[in-house]
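In: okay, sequence plus prediction incoming.
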Amino acid sequence: MRPLPDPVVELVHALAASPGVVGIVLGGSRARGREREGSDIDLGLYYSADDFDWDALVEVMRRHDDAGAPSGLASPGEWGPWMNGGAWLCVGGLAVDVLLRDAGFAEQTACEAREGRFSSNYLPGHPHGWQSFMLVSEIAHNVPLAGDEERLGKLRALAEPYPEPLRAAILDRFLYEAHFSALLLGKLAGRNDLAQEIGLAHRGVLCLVHALFALNRVYLVNEKGSLEVAAGFPDLPDGGAERITAVLTAATPERRAELLADLARETEALVRERMPSWSPSWNLSSFPTA
């Protein structure tokens, strides 16, 4: 990880000293070593809902914002339960996103994920939806910067190692949907329903990506760049990344369906080879044929 500029470090410690703040972590592409020139600096702020002081935090952000006017100010929960809230700052000429995370909610979500329980939720900017385990993915990838080291450490321990019940549950749900999306795509022949076709192809592809991340015990944080990451996995169908892309670029629903169905079958076969005890809750023979 590259060292953060001094103005950002000063912001980090000022945020960590605010009432009710549990800790500050570095997230996003910089935490995963995938940043590009000009990438934002994402700071996750874990807080305790019992004694968090939003107004005090806003004053800290105003003092450290270059213009004294952070944009997009959203108090806890204003962006919904999953993205929560936060603000966009410019600090030392750099774009800095401060993203709120309720520590208790994150801990509860991580405990559920360890038992193989997760939910799929609508969230703008995430076309395939926000899977609740993405909060755990953040925890696994985040780099602690300041705050309650003990509590942040216990939170990290909930995410590592990758929970086998979560792995099995992700494979069960998303391989099912990949197969079912291929089936529905095949039924669109001659209907000229491009929106439905593209939607099913996209969902089917992302389902396969989720399955491949789980198979390889890698947390998926965001759909952005996920296919590029999956292309480097050791457990992947032959030509996987190129063939997944081909599902999206195929000219007809029949061809999309054929490509997606082949990939889903090969991925399922790979899962059964690597995980002999894996037993899905569904059976392809029960799928409708007409």
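Out: Sure, I can see it.
In: gap between the most centrally placed residue in the chain and Asp42?
Out: With distances taken as C-alpha atoms, centre = their mean, the residue of the chain nearest its centroid is Val221 (2.7 Å). Computed as C-beta to C-beta, to the nearest Å, the Val221 to Asp42 distance reads 10 Å. Heads up, the C-betas are built off the backbone N, CA and C, glycines and all.
In: overlap of the contact sets of those two?
Out: Residues touching both Val221 and Asp42 by C-beta atoms under 8 Å, 6 or more residues apart in numbering: none at all.
In: hang on, isn't the residue nearest to the centre of the chain packed against Met134?
Out: Yes: the pair Val221 / Met134 is scored as a contact, 6.1 Å apart, by C-beta atoms under 8 Å.
In: all strands of this structure, in order?
Out: Using DSSP state E, the strands assigned to the chain run over residues 21-27, 41-47, 71-74, 85-91, 94-102, 120-121, 130-131, 143-147.
In: run through the residues that contact Arg32.
Out: Going by C-beta under 8 Å, 6+ apart, the list of residues near Arg32 reads His141, Val221.
In: what's the spacing between it and Ala110?
Out: 19 Å.
In: can you check Ala211 too?
Out: 21 Å.
In: these two: which is more packed in?
Out: Ala211 (27 against 23; other C-beta atoms under 10 Å).
In: so the more buried one makes contact with Glu177?
Out: No: between Ala211 and Glu177 there is no contact under C-beta under 8 Å: 9.3 Å.
In: nearest residue to Leu135 other than its sequence neighbours?
Out: Distance criterion C-beta to C-beta, 6 or more residues apart in numbering; nearest residue to Leu135, sequence neighbours excluded, is Thr109 at 4.8 Å.
In: which pLDDT value belongs to the one you found?
Out: For Thr109, the pLDDT comes out at 97.
In: pull the number of nearby residues for it.
Out: 24.
In: wait, it sits on Ser132?
Out: Yes: counting by C-beta under 8 Å, Ser132 is a contact partner of Thr109 at 5.4 Å.
In: adding mean neighbour count, write the strands of the chain out as JSON lines.
Out: Output for the strands of the chain, formatted as JSON lines (neighbours: other C-beta atoms under 10 Å):
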{"stretch": "strand 21-27", "mean neighbour count": "23"}
{"stretch": "strand 41-47", "mean neighbour count": "25"}
{"stretch": "strand 71-74", "mean neighbour count": "14"}
{"stretch": "strand 85-91", "mean neighbour count": "21"}
{"stretch": "strand 94-102", "mean neighbour count": "21"}
{"stretch": "strand 120-121", "mean neighbour count": "14"}
{"stretch": "strand 130-131", "mean neighbour count": "22"}
{"stretch": "strand 143-147", "mean neighbour count": "18"}
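In: much appreciated, bye for now.
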